[in-house]
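> Okay, here's the prediction I keep looking at, along with the sequence it came from:
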Amino acid sequence: MNRLRTPIAIIGAGPAGLLLSHLLHQQGVDSLVLERRSRPYVERRVRAGLLEHTTVELLRRAGLAGRLDREALRHEGLELRINGARHHLPVTELTGLSTYVYGQQELVKDLIQARQEAGGRLWFDTDDVTLEIPDGGGPCTVRCTAQGQPTEITCDFIAGCDGFHGISRRSMPATAQPAFERSYPSAWLGILAAAPPVAHELVYAAHERGFALASMRSPHVSRLYLQIDPDDELEQWPDDRIWKELRARLDVDGEAGLTEGPVLEKSLVPLRSYVSEPMQHKRLFLAGDAAHIVPPTAAKGLNLAVEDVQVLSEAFAAFYGSGQDTLLEGYSQRRLPSIWEAEDFSDWMAHLLHRLPDAQAYGARLQRARLDALVNSPTAARQFAERYVGLSRSFAGAGKERAWQS
Ligand code: APR
Ligand code: PHB
């Protein structure tokens, strides 16, 4: 049995775990990252790719935005296509802020490179991770199989950054972790295609056949999504069916602006909302998808993960700097108002744009009224834009933490 000690064991090398270990390193705190998958696997895993202004600013301050600043596409607005009618939303004009398209796996590559250049410990292909968090406080133990060897790691704290299906959240006693969740009667089918983007901005299409989103990764690569039935399998969606459906939902006067190209990747994205409250159990702290999931409609998942680990790294740095655990104990309280604002906006946007199971029902009429307001009311457009760029999260819970104590 190999034995070692680290101040903080981080489970998961997604954006949350990698960025946390980078920010801790910059504040003089050592950590060890344990990842179940291989490095090539995490570097190739295609996920969302829309970064908010504050996320990009944080990455710049952390010295991580060199390639991002060269390659990311800065956007100043978006297009809504509502049953074949175009509507432009000038997001930057309304908020002063831009959004940036940069694939999550590109950010993951940048983070891994930065950690390796700084000599950070990242263990890929680490299996059988189990966590022991003593009830009475004191050091935690992480057991795993690393490079084929049984290994025991003693640590002051564990950061659970292992995504929605990880081990960390499941290591909390059910009573300590009441969950809030909602499921949706849809899923997304996402493709990455070697084809130029539909438009220079993102196109969100609310169509009677269902929702579609035309995003991109570069001037030569498109990222496209279709709302599908949650029980559909990938095999039911051969490439030609996908292109035909995209064309129908993005169509404006017989023209969707879509160029077809080889499909490089195809995956299913479930739509669900989930929040673990609190995000802490004794010396285990959850961050990113391990703590909360949003439907992908508003692309908030990655931005929330980045905010979580910024707050958590400051709290750990305060603990190691002055022995104060006030920030650590306040972690959930500090994060939850922002998380719920993003949950609310993502849920609202999902309801706004997706075809409902019963298109004639009351809900569908509400949807029409909301789309009408968004297109015709400058106030509704401004509020949407503030929430889309994440500005509204900076006000969530500010100075009113007591409202969040249950
Ligand atoms: N042991 C070690 N690693 C694990 C385990 C485990 N038992 N379970 C999961 N992991 C790893 C996964 O392989 C993955 O690399 O934890 C990592 C979690 O990364 P993400 O799922 O990317 O989650 P997070 O870092 O919180 O990033 C949030 O990811 O899901 C997207 O849209 C979401 O953009 C958001 C972002
Ligand atoms: C993406 O490019 O993956 C993306 C962009 C915007 C969204 C969701 C996903 O709202």
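On my side now, so go ahead. Numbering: from 1, shown residues only. Ligands and ions are numbered 1, 2, ... in the order given.
> Quickly note the distance from residue 243 to ligand 2.
Residue 243 is 18 Å from ligand 2, where distance means Cβ to the nearest ligand atom, to the nearest Å. For the C-beta atoms, the positions are set from N, CA and C on the backbone; glycine is no exception.
> Give the helix, strand or coil label for that residue.
Secondary structure assignment for residue 243 (DSSP: H, G, I helix; E, B strand; the rest coil): helix.
> Would you mind confirming that it is in contact with residue 260?
Yes. If you go by Cβ atoms under 8 Å, residue 243 and residue 260 touch, sitting 5.2 Å apart.
> Ignoring the adjacent residues along the chain, who's closest to the most centrally placed residue in the chain?
Centrality entry for the chain: nearest residue to the mean C-alpha point is residue 301, 1.9 Å, by Cα atoms, centre = their mean. Nearest residue to residue 301, sequence neighbours excluded (Cβ to Cβ, 6 or more residues apart in numbering): residue 294, at 5.6 Å.
> so what's that neighbour up against?
Contacts were defined as Cβ atoms under 8 Å, 6 or more residues apart in numbering; by that measure residue 294 touches 273, 300, 301, 304, 342, 343, 346, 347.
> Please apply the same query to residue 203.
78, 79, 80, 81, 212, 213, 214, 250.
> what's across from it in the sheet?
For residue 203, the beta-bridge partners under DSSP bridges are residue 79, residue 214.
> what pLDDT does it get?
pLDDT recorded at residue 203 is 98.
> For residue 350, see how far away it is.
17 Å (Cβ to Cβ, to the nearest Å).
> Who has more neighbours out of residue 243 and residue 260?
Set side by side, residue 243 and residue 260 show more neighbours around residue 243, with 20 against 15, by other Cβ atoms under 10 Å.
> So what's the predicted local confidence for that one?
In this model, residue 243 is scored at 98, pLDDT.
> if we can go back for a sec, narrow the contacts of residue 294 to those that are buried.
273, 300, 301, 304, 342, 343, 346, 347 (16 or more other Cβ atoms under 10 Å).
> just to confirm, which helix or strand has residue 337 in it?
Using DSSP states H and E, residue 337 falls within helix 331-353.
> ok, back up a step: of the contacts of residue 203 - the most surrounded one?
In terms of neighbours by other Cβ under 10 Å, the contacts of residue 203 top out with residue 212 at 28 neighbours.
> quick check, that one in a strand?
Yes. Assessed with three-state DSSP, residue 212 lies in a strand.
> so who does it touch?
Per Cβ under 8 Å, 6+ apart, neighbours of residue 212: 203, 205, 224, 225, 226, 227, 245, 246, 249, 250.
> which non-adjacent residue is nearest the last one?
Using Cβ to Cβ, 6+ apart and skipping the chain neighbours, the partner closest in space to residue 250 is residue 256 (3.9 Å).
> From ligand 2, how far off is that neighbour?
On the measure of Cβ to the nearest ligand atom, residue 256 and ligand 2 end up 18 Å apart.
> Same question for residue 218.
Distance of residue 218 to ligand 2, given as Cβ to the nearest ligand atom: 11 Å.
> next one: residue 347
13 Å.
> The residue lying closest to that residue once chain neighbours are set aside: what's it in contact with?
Spatial nearest neighbour of residue 347, excluding adjacent residues (Cβ to Cβ, 6+ apart): residue 273 at 5.8 Å. Residue 273 makes contact with 180, 181, 182, 183, 184, 293, 294, 295, 343, 346, 347 under the criterion Cβ under 8 Å, 6+ apart.
> show me what contacts the third one?
Pointing back at residue 182 there. Contacts for residue 182 (Cβ under 8 Å, 6+ apart) come out as 272, 273, 274, 347.
> again, 10 Å this time
Contact partners of residue 182, counting by Cβ atoms under 10 Å, 6 or more residues apart in numbering, are 271, 272, 273, 274, 275, 293, 295, 343, 347, 350.
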